[in-house]
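1. Below are the sequence and a predicted model; questions follow.
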Amino acid sequence: MIPEFIPFKESFVYLTGIFEILLAIGLLIPKLKVISGWTLIVFLLLMLPANIYASMNNVNYQKEHLTVTV
């Protein structure tokens, strides 16, 4: 699901996952709650087009290949 021109795809997936976990923890810390919340909103909005694409094109996350249905 990650474009071909992006190197280190697997590392990118792990880094975004760690980023999400850190932001979720940030929501539990009163000083970081607001900035973590806004950062999560922006992050998830940026990820939304990829998820819509995957849904519309039946992307198989397990096999990482595209199955197009018409």
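-> Sure thing, it's come through. Model, not experiment: these values are computed from the prediction. Residues are numbered from 1 along each chain as shown.
2. neighbours around L27, how many?
-> Applying other C-beta atoms under 10 Å, we find 15 other residues in the vicinity of L27. Using the backbone N, CA and C atoms, a C-beta is placed for each residue, glycine as well.
3. oh, I was asking about S55
-> Number of residues near S55 (other C-beta under 10 Å) recorded here: 9.
4. One more: S36?
-> Neighbours of S36 (other C-beta under 10 Å): 18.
5. Repeat that for F19.
-> When neighbours are counted by other C-beta under 10 Å, F19 comes out with 13.
6. Just the C-alphas of whichever strand or helix holds it, formatted as CSV.
-> Under DSSP states H and E, the secondary-structure element containing F19 is helix 9-28. The C-alpha atoms that make up helix 9-28 are tabulated as CSV, following Å, rounded to 0.1, in the frame of the first residue of the first chain:
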residue,chain,number,x,y,z
LYS,A,9,8.7,0.5,3.6
GLU,A,10,8.7,-1.9,6.6
SER,A,11,10.6,0.6,8.7
PHE,A,12,8.2,3.3,7.8
VAL,A,13,5.2,1.1,8.9
TYR,A,14,6.9,0.4,12.3
LEU,A,15,7.8,4.1,12.8
THR,A,16,4.3,5.3,12.2
GLY,A,17,3.0,2.6,14.6
ILE,A,18,5.4,3.8,17.3
PHE,A,19,4.4,7.4,16.5
GLU,A,20,0.7,6.5,17.1
ILE,A,21,1.5,4.7,20.4
LEU,A,22,3.5,7.6,21.7
LEU,A,23,0.7,10.0,20.8
ALA,A,24,-1.8,7.8,22.5
ILE,A,25,0.4,7.8,25.7
GLY,A,26,0.6,11.6,25.3
LEU,A,27,-3.2,11.8,25.6
LEU,A,28,-2.8,10.3,29.1
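7. Counting by contacts, list what the following helix or strand past it packs against.
-> Counting by DSSP H and E, the next helix or strand C-terminal to helix 9-28 is helix 33-56. In terms of contacts (3 or more C-beta pairs under 8 Å, 6 or more residues apart in numbering; DSSP states H and E), helix 33-56 is packed against helix 9-28.
8. That'll do, ta.
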